[in-house]
Each structure stands twice: as structure tokens, then as C-alpha cells.
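Asker: A structural model of the following input is requested.
(4 chains)
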There are 2 protein chains.
Amino acid sequence: MSVPSTPTRGRPARLDHARTVRTALDLLDESGLDALTMRRLADAMGVQAGALYRYFATKQDLLTAMAERMLADADGPATDGEWSERLAALARAMRTALLDHRDGARVYAGTHSTGPNTLGFAENVLGVLRDAGFDDADAARALMAVANFTVGHTLEEQAALQPAGEGPGDAGPADAGVLRDAVAAGRYPHLTAALPVFTGPDYDAHFEFGLRLLVDGLRARR
Amino acid sequence: MSVPSTPTRGRPARLDHARTVRTALDLLDESGLDALTMRRLADAMGVQAGALYRYFATKQDLLTAMAERMLADADGPATDGEWSERLAALARAMRTALLDHRDGARVYAGTHSTGPNTLGFAENVLGVLRDAGFDDADAARALMAVANFTVGHTLEEQAALQPAGEGPGDAGPADAGVLRDAVAAGRYPHLTAALPVFTGPDYDAHFEFGLRLLVDGLRARR
DNA sequence: ACCTGAACACCGTTCAAGT
DNA sequence: ACCTGAACACCGTTCAAGT
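Answerer: Next up, the predicted model:
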């Protein structure tokens, strides 16, 4: 009882689950997913690479823990208002949570967390939908549709964001020129007309458009 | 003029772009993306790993060529009928093209092809939408929404398909049990109700549901 | 021109041994 | 109990040298 309540006193443990995940997310933001290696993470924690395996059985487990932690920011209390606006707010929160970390969507897409943040988010979305009158099957499938769209969109958005040459997938600003040249080289009248919309950087509007389609589709179904 | 028109006569070249991409897709189907290394591909072609770099500047270029080739199967002539059914048919063709190869969605999501199959597919979708009366911006954004949903969905579907233990992301059939346990351990009334839909393997229905939402959303907008 | 051989600078993961 | 040191079995990529 008389021991200090702050366990950081005394010889601080160099490694623990939460601190390691936080450091990994910092490293992700600084250098991207491709540069996030167990060795570099160990370095950042002042430890040898092998020591990480006392806390994470595999690198995949680490990535899953990172994905779970990201979703903490999307797992807030549901806003009030109409079901359609509450659903949209949750989808926006998910996109924002992934955008908050470099390669966030790639990390999320490559894992399958069953942690409280991930399940809590799903629970919130399902609650909004079931309260709105959708049955179990429709609510479940609507959640999947919204989540899959959001992940697919954010994957694309973050690929377009990163500077060319970094990470896989030669997306990025330089990609716009490559795409323009490729479209110009062939006979793509429709693509030529639509090209300015693609190369334009207004991903907020793109996301809102797709989200609107899903919500309106759900409204038509109710 | 008198040389044989079949260049396969004489000493056959061990390497060429198209044959290498085909072999890489075969290897992908057999062993999955994580087992697709430049060394193993070189082995399958009867060549040293370094030799591949005469045809592909990086492994990323190889993956992009693979993605481009996959989409050949989605780039057929547009069917006739109503715009909504033509659009749905194109989305289904894309999903099928990705499903046709193990980890197909992961390969596709990690690349940004500007080849004729990829651009041709986009051109087809845009043509259907613009012919239906959508303006350039709406057509472009509708294409993105449908493509992003399709990729997100198929990513999820293929992750759930693969046996546990293989590839990253401990999805797979075993994942259903993990998810069930996690849901049972917490207080998730909505998730508990919806769980059978998630663990059920009817991905066709899941895809059709999301696709329907998007199409109905577009109909409401026209 | 096309490919080999060998190297460079890394990886994830394991595990006996130290403290 | 927690971490080190060192190894194992690999990677993607480069490049002089061969044919």
C-alpha cells in the first residue's frame, strides 16, 4: 500500500504492450508501413528485436494491436439525431481514425482485430441501424457495406497522398501525370472527360458522395 | 519474311514480360501473395532472381502488371440493358476477376495500374453512367465509390476465405470462433444478434446488398 | 542481348544463455 | 522474469563478368 502508485517510479520497464503499440504508431507516422520493422521498432524502444516477441507472438499481432488502437478514435459515443446522420458520422469517424496515421488504412485492411474498440465501433453502427428499424441481416450487411467502402476509399486516398517513390504502389502526386499520359495515349473519351475529377484532390467530396449513395440506398430500403 | 512466324521456334527465350506475369499469377494461386518472391518466381522460370530485373524494374512493377492482367477478365464489352443492370454487371465482373486469383484483391489494392485493361474498365463504367445522364463529376465519383466498395469487399472476402495460419491477418474459418468468443466476452447485444450474418459464408449476398445500396443511391440522385 | 554468380543490406523469428 | 547475442533461413536489388 505504501509503494508508489505510479509504477513508472523505480527502474522503468523498457517494454510493455501499450507503450510498444504507441511507439509503433509513432514510427508508422514518421516512416510508413514499409519502414516499420521489428528491428527498427526494437531500436526505438532501446531493446533487441527478439525481446518484442515476449509481448507479440508475431509481427501480425503487433499490426492487429495497432489497428485496434487506431479505432479507439472512431469508437466514441454515438451522436444523436436522425439515423442517417448518426450512421454518416460513424463512417466519417472511421475514415478520420484511419487518416490520422500514415498508411492507417493499409494497416487496418491487413488485420482483423476483435478488440473492444473494433467491436465497439461495429456495435455502435449496428445499434443505429437496428434502432432505425432495420432487421439483423440488413443491419449487418449495411455495416459491412459502409465499412468496406470506407476502407477501400481510404486505402485509395492514402495511396494518392504519399509522395511518389515511397511505399509500394507508385501512387502519389506524380501519379496524376502518369494517368493523364496513359489516358491521352489511348481512346478513352469518357475517362478524358472525367479525368479532372480524379486528379483533383477533393477526397472529402469523393467520400461524401459514396457515403451519400449508401445512406440513400438504405433509406430507399427502409 | 521467310523466317518462321512463330517466334517460339529456335532457342526459346526463357523470359519475357507476358510469360513471367502468367507464371507469377500461377504461383500466386498456388501459394499466395506472401510466398510470391522474386527468387521463387525466378526458380519457376528456370532463371536467377536478378534476371527478372531486365523485365521489371521492381517487384512493385511486377505486381502492377499482375493486377493489370487480372482486370482483363473484367474488361469485356458492356452488356446491354438498363444502366443500373449494366453498372451492376461491371461491378460483379470486377469482383469475379479479383476472386479468380488467390489474394487477387490484395494484389489489386496494392497497385495502381494505368494499363489498357484497367483504363478500359473505368471507361466502360463511366460510359454507362454518362449515357444514363450523370454528369462528369457524378460519373467519376460513382465509379470510385463502386470500385472502392468492390475492392474493400473482396479484400474482406478473400481474407475470410483463406485457411487460418496462412498469410497475414488471422482471418479464415477459425476466425469465426475467435470473433464469437470475443463478442460473447463483452456486452454487445447488437453484435450478438447480427453475428450469424457475419459468420455465415454468403458473400455473394453481402456483395449484392452493398451494390444494391449504391445503385439505389444513384437512382435517387438521377 | 541476356543471363549468371555473388554480393549488399537487410528481414521475421527462435532460443540458449545471462542477469 | 525479462532481455541479450547470435544464429537460421530467408528477402529485394545491384552489377561485374560471362556467353
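
Asker: Could you list the residues in contact with stretch A:16-26?
Answerer: With contact meaning CB atoms under 8 Å, 6 or more residues apart in numbering or on different chains, stretch A:16-26 is reached by A:36, A:41, A:44-45, A:52, A:55-56, A:62, A:65-66, A:69-70, A:101. In this view, the C-beta of every residue, glycine as well, is placed from N, C-alpha and C.

Asker: Please disregard the earlier target; I meant stretch A:92-110.
Answerer: Looking at what lies outside stretch A:92-110 - CB under 8 Å, 6+ apart - the contacts are A:25, A:28-30, A:32-33, A:63, A:66-67, A:70-74, A:76, A:121, A:147, A:150-151, A:153-155, A:157-158, A:162, A:167, A:207, A:211, B:109, B:152, B:155, B:168-169.

Asker: Next to DNA strand D, which bits of chain A? Give me the list.
Answerer: Proximity of chain A to DNA strand D, by CB under 7 Å from any atom of the strand, involves residues A:13-15, A:42, A:46-51, A:54.

Asker: Save those residues as CSV, and put in distance to chain B and secondary structure too.
Answerer: Below are the residues of chain A next to DNA strand D laid out as CSV (distance: CB to the nearest CB, whole Å; DSSP: H, G, I helix; E, B strand; the rest coil):
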residue, distance to chain B, secondary structure
A:A13, 27, coil
A:R14, 27, coil
A:L15, 23, coil
A:A42, 20, helix
A:G46, 27, coil
A:V47, 23, coil
A:Q48, 23, coil
A:A49, 18, helix
A:G50, 20, helix
A:A51, 22, helix
A:R54, 19, helix
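
Asker: And for whichever residue of chain A sits closest to DNA strand C, nearest residue in space, chain neighbours not counted?
Answerer: In chain A, the residue that lies nearest DNA strand C is A:G50 (2.7 Å; CB to the nearest atom of the strand). In space, and not counting its chain neighbours, A:G50 is closest to A:A42: 8.0 Å by CB to CB, 6 or more residues apart in numbering or on different chains.

Asker: Tell me the confidence at the one you found?
Answerer: Looking at A:A42, its pLDDT stands at 98.

Asker: Surely it is in contact with A:R54?
Answerer: No: judged on CB atoms under 8 Å, A:A42 makes no contact with A:R54 at a distance of 11.5 Å.

Asker: Looking at those two, which is more packed in?
Answerer: Legend: neighbour count by other CB atoms under 10 Å in any protein chain shown for A:A42 and A:R54, higher for A:A42 (19 against 10).

Asker: Relative to B:A89, how far out is the more buried one?
Answerer: Separation of A:A42 from B:A89 (CB to CB, to the nearest Å) stands at 51 Å.

Asker: returning to that earlier point: so how do I select the buried members of the contacts of stretch A:16-26 in ChimeraX?
Answerer: Restricted to buried positions by 16 or more other CB atoms under 10 Å in any protein chain shown, the ChimeraX selection for the contacts of stretch A:16-26 reads:
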select /A:36,41,45,52,55,56,62,65,66,69,70,101
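
Asker: of all the contacts of stretch A:16-26, which comes closest to chain B?
Answerer: A:L62 (11.0 Å; CB to the nearest CB).

Asker: Show me what the host helix or strand of the closest one is in contact with.
Answerer: Using DSSP states H and E, A:L62 maps to helix A:59-70. Helix A:59-70 has contacts (CB under 8 Å, 6+ apart) with A:17, A:20-22, A:24-25, A:28, A:38, A:41, A:52, A:56, A:97-98, A:100-101, A:104, A:107-108, A:110-113, A:115-118, B:168-170.

Asker: Please repeat the previous calculation with a cut-off of 6 Å.
Answerer: A:21, A:24-25, A:38, A:56, A:97, A:101, A:104, A:107-108, A:111, A:113, A:115, A:117-118, B:168 (CB atoms under 6 Å, 6 or more residues apart in numbering or on different chains).

Asker: hmm, back to that, are any of the contacts of stretch A:92-110 buried, and if so which?
Answerer: Buried members of the contacts of stretch A:92-110, scored by 16+ other CB under 10 Å, are A:25, A:28, A:32-33, A:63, A:66-67, A:70-71, A:73-74, A:121, A:147, A:150-151, A:153-155, A:157-158, A:162, A:167, A:207, A:211, B:109, B:152, B:155, B:168-169.

Asker: Let me know whether the biggest helix by length in chain A sits next to chain B.
Answerer: Looking across chain A with DSSP state H, the single longest helix is helix A:136-161. Yes: Helix A:136-161 is in contact with chain B by CB under 6 Å from any CB of the partner chain, via A:136-137, A:139-141, A:144-145, A:148-149, A:151-153, A:155-156.

Asker: Next, the angle helix B:136-161 makes with that helix.
Answerer: Here the directions of helix A:136-161 and helix B:136-161 differ by 110 degrees (axes from the mean of the first three to the mean of the last three CA atoms, to 10 degrees).

Asker: distance between the ends of stretch A:62-77?
Answerer: End-to-end distance of stretch A:62-77 (CA to CA, to the nearest Å): 26 Å.

Asker: domain parsing for chain A?
Answerer: What the record gives for chain A is the domain set A:1-57, A:70-221, from automatic domain parsing.

Asker: Just tell me which of those domains ends up closest to B:G81.
Answerer: Among the domains of chain A, domain A:70-221 comes nearest to B:G81, with 18.4 Å by CB to CB.

Asker: That closest one near DNA strand C at all?
Answerer: No: taking CB under 7 Å from any atom of the strand as the criterion, domain A:70-221 and DNA strand C are apart, separated by no less than 13.0 Å.

Asker: That domain: end-to-end distance?
Answerer: Termini of domain A:70-221 sit 32 Å apart (CA to CA).
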